[in-house]
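>>> Coordinates for the following, if possible.
(chains A and B)
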Amino acid sequence: MTARRGSMRHTVRLACPPDTVWDVVGAAERLPEWWEGVESVVVEGDSRTIQTRSGLPMPERLLTIDDNLRRFQYRITAPLFVEHLSTIDVHDLHDGTSLTVYSVDAEPAVLALVISGAARAALLRLPELLGVDRIP
Amino acid sequence: MGRKILFVTTDQQRYDTLACNGGTLSRTPIIDSLAAEGVRYDRAHPQSVVCMPSRSTIVTGQHPSTHGVFMNGVPLPGDAPSVAEVLRLAGYRTALVGKAHFEPYFDPFLRFEENLLSTEGTTPHGGHRRGFEHLETAAHGAMGPLHYCQWLLKEHPEALGMYCRAIDDSLQVSAAVGGDTGAPQVKVNPIDRGIYHTDWVADRTIAWLDSVDADEDWFCWMSFPDPHHPWDPPESEVGRVDWREVPLPAGYTEDRGRREAIIDAKPRHWRAWYDGTLVSNYEAPADWVPATLTADQVREVNARNAVEVELIDEALGRVLARVAERGWADDVDVVFTTDHGELQGDFGLLFKGPYHVDGLMRLPLVWRPAPSSRNGASRDGAVDPAVVHRPVGLVDLAPTFCAIAGIEPPEWMQGKPLPVDDADAEARGFDKVLTEWDSELFGTDVHLRTMMRDRWVVTVYQPGTSHDGTEGELYDLVEDPLQQVNLWEDPAARALRDDLVADLWDAQPEVRADRLVLEAPV
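Just a heads-up that it's a prediction; the model follows:
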């Protein structure tokens, strides 16, 4: 793995309207409900600090919370990251279902992999949390 | 009361590092004596040459295509089939002590139970994990959330900084150099030998064995993290092997021009890695260029590796002594092997990657059946000392454990109980062994399928970022034991090549339906 910067993407399609998903993933303080290993979050203005299960504090800057676009963007500002941007988009597929896309870009590249791996696991918890089916 | 099983693995150990396999650097009297009393396998191959897929093969008895862990960083699902669970359900007490690595290490959220458990105890949630009722973990040093690291942090915090720092500030495997020769992943480690991870694994294994009642059957996987890099054995032990006296390995061609000509006759990713322009395995330092490797660095790496192997042999000896003190000596089967090999200077390379040659694929494997199986009134299942030359795989271990326990191997296991001699191997069709590689990361993908059959090793390449799917490797292990002459394009070998390739594709295992996903670098 020679890339300095890594870019990863995961998706989940759910049998529910996009607003149902957005109510959870678009709410900065609800992260512990769907992200395994996040013990708590503190949101103050455009900053969010999460406490991971390993005891690691992870400070973030919230960039975009757009209810119309259903887009959530944030940067992790912990010193380990040279650069980071995560984007969550919830798309309406206009058939009663929705597609949630979680994109992670980071340097070092390794961290894109670590964050996106956890993000994928989080996406896969949404069906149970929302009481809806996942569509393969 | 049945036969108990002590399953001993190391990590990244070459076939030729044991004296019983012709090695000359390490003294390994304990393993050598097991080999003399039991069965030594001359051609044992892994089904993957990196840790997570290979270890997943060991525990599931399935090829990587089937269990789905296609590369490091892909977690083995918690509900994957496991030989430990088969044995547990049959009444065996079960433990894994040391390196597990079925789940990734990079885990800041502690999502993976192997990591989470180290903060909670040694009994997994629900009473077992993959059938192991006791799980006590360690890896290659002081980093990470594993039990050894937690113990070191609590009991010997002064030792935390003594190990080689395997990961650098950019979270890449460190290219920092050390030792006398400036070799990568080499560090002088002042740690006391008694708290080094090799002895800790043996200590914790003994502690678990002491918790088992004398009349219980047990399956204990004792999994040493060494001699995997970093090469940082306790400084007090380094003098056992003077690197200045170490002969260069046969696979290391000292003449640079000849060395590079050998590599250039192989598919292009060989030369790309040598030149430092392509690293397709995270565990090789991305910022280290193999072309800079010197002969003295090869000597020093081999010397330190040999020291680590000796420490493992001695640690195993301590555990076997405790087994004897418990009165189990006649009832314990001991199986010793590793998950994959190490290039260790072959072709001017270190570490591992998509390079299916003996340095990575030919493994030490010894099975010393319980002496009671030979000495009893009945010789059912009796095994006499032997050397098996026919190919076997780590995929055959799980069914072997079942056979030892008197259990019919489940249908999901793809291997067969290990043969006890060549006649048995021939009768039961041990004629080929498969190895595979798939890596896909940040736009770079490499895919290999390999088969060892008769005297031949053939590797086919599927399309990827470095290959168009027409490349391959074909080696004659008799005429070219160092695999320096690639016969893939040799017209005289074309018919043979076609036959081997057809056989290779016919033998491919079932592919897992739901593809697993890469979730971490390692």
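>>> which residues touch residue 32?
All of this is about chain A. A:38, A:39, A:40, A:41 (CB atoms under 8 Å, 6 or more residues apart in numbering or on different chains). C-betas here are computed from N, CA, C, even on glycine.
>>> that answer is for a different chain, and I need it for chain B
Residue B:32 makes contact with B:18, B:19, B:20 under the criterion CB under 8 Å, 6+ apart.
>>> Show me what counts as buried in the helix or strand containing it.
When elements are assigned from DSSP states H and E, residue B:32 belongs to helix B:29-37. For helix B:29-37, a neighbour-count test (16 or more other CB atoms under 10 Å in any protein chain shown) marks B:30, B:31, B:32, B:34, B:35, B:37 as buried.
>>> swap in stretch B:5-20?
Quick answer for stretch B:5-20 (16+ other CB under 10 Å): B:5-20.
>>> Measure how buried the residue of chain A found nearest chain B is and give me the count.
Using CB to the nearest CB, the point where chain A gets nearest to chain B is residue A:37, with a distance of 2.6 Å. Counted by other CB atoms under 10 Å in any protein chain shown, the residues lying close to residue A:37 total 22.
>>> what stretches of the chain score poorly on pLDDT?
No chain was given, so I picked chain A. The model of chain A has pLDDT under 70 over residues A:1-3.
>>> my question was about chain B
Under the criterion pLDDT under 70, the flagged ranges of chain B are B:375-381.
>>> which residue is nearest the centroid of it?
The structure's chain B has its C-alpha centroid closest to residue B:339; by CA atoms, centre = their mean the separation is 1.6 Å.
>>> Now do the contacts for it.
By CB under 8 Å, 6+ apart, the contact list for residue B:339 reads B:9, B:10, B:11, B:12, B:46, B:51, B:54, B:55, B:58, B:394.
>>> the strands in chain A, which residues?
Secondary structure of chain A, counting by DSSP state E: strands at A:6-14, A:38-44, A:47-52, A:57-66, A:71-76, A:83-92, A:98-107.
>>> Buried deepest among the ones you listed, which one?
strand A:98-107 (a mean of 20; mean count of other CB atoms under 10 Å in any protein chain shown).
>>> Other residues contacting stretch B:466-483?
By CB under 8 Å, 6+ apart, the residues outside stretch B:466-483 that reach it are B:250-251, B:266-269, B:272, B:278, B:280, B:346, B:356-358, B:444, B:446-447, B:452, B:455-463, B:485-488, B:490, B:493, B:496-497, B:500-501.
>>> re the thing from before, please name the nearest non-neighbouring residue to the residue nearest to the centre of chain B.
Closest residue to residue B:339 apart from its sequence neighbours, by CB to CB, 6 or more residues apart in numbering or on different chains: residue B:54 at 4.1 Å.
>>> isn't the one you found right next to residue B:45, touching?
No: with contact defined as CB atoms under 8 Å, residue B:54 does not count as touching residue B:45 (10.3 Å).
>>> Identify the contacts common to the two.
Common contacts of residue B:54 and residue B:45 (CB under 8 Å, 6+ apart): residue B:394.
>>> what does the stretch 151-300 of chain B have sitting close to chain A?
Counting by CB under 8 Å from any CB of the partner chain, the stretch 151-300 of chain B comes close to chain A at B:170, B:171, B:172, B:277, B:278, B:279, B:280, B:281, B:282, B:286.
>>> at 7 Å instead, please
Neighbours of chain A within the stretch 151-300 of chain B, by CB under 7 Å from any CB of the partner chain: B:170, B:171, B:172, B:278, B:279, B:282, B:286.
>>> which SSE is the last one in?
Just to be clear, that refers to residue B:286. Assigned by DSSP H and E, residue B:286 falls within no helix or strand.
>>> Stretch B:78-93 close to chain A?
No: in terms of CB under 7 Å from any CB, no part of stretch B:78-93 sits within range of chain A; the closest distance is 12.3 Å.
>>> May I have that stretch exported as CSV, CA atoms only?
In CSV, the C-alpha atoms belonging to stretch B:78-93 read as follows (Å, rounded to 0.1, in the frame of the first residue of the first chain):
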residue,chain,number,x,y,z
GLY,B,78,-17.8,-14.7,14.2
ASP,B,79,-20.2,-17.4,13.0
ALA,B,80,-17.7,-19.0,10.6
PRO,B,81,-17.2,-22.7,11.1
SER,B,82,-14.4,-23.6,13.5
VAL,B,83,-12.7,-26.8,14.4
ALA,B,84,-12.4,-25.5,17.9
GLU,B,85,-16.2,-25.4,18.1
VAL,B,86,-16.4,-29.0,16.8
LEU,B,87,-14.0,-30.1,19.5
ARG,B,88,-15.8,-28.1,22.2
LEU,B,89,-19.1,-29.6,21.4
ALA,B,90,-17.4,-33.0,21.6
GLY,B,91,-16.5,-32.3,25.2
TYR,B,92,-13.0,-30.9,24.8
ARG,B,93,-11.8,-27.9,26.8
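>>> Quick one: residues in contact with that stretch.
By CB atoms under 7 Å, 6 or more residues apart in numbering or on different chains, the list of residues contacting stretch B:78-93 from outside reads B:59-61, B:67, B:94, B:113, B:128, B:130-133, B:212, B:216-219, B:398, B:401-402, B:405, B:407, B:410, B:412.
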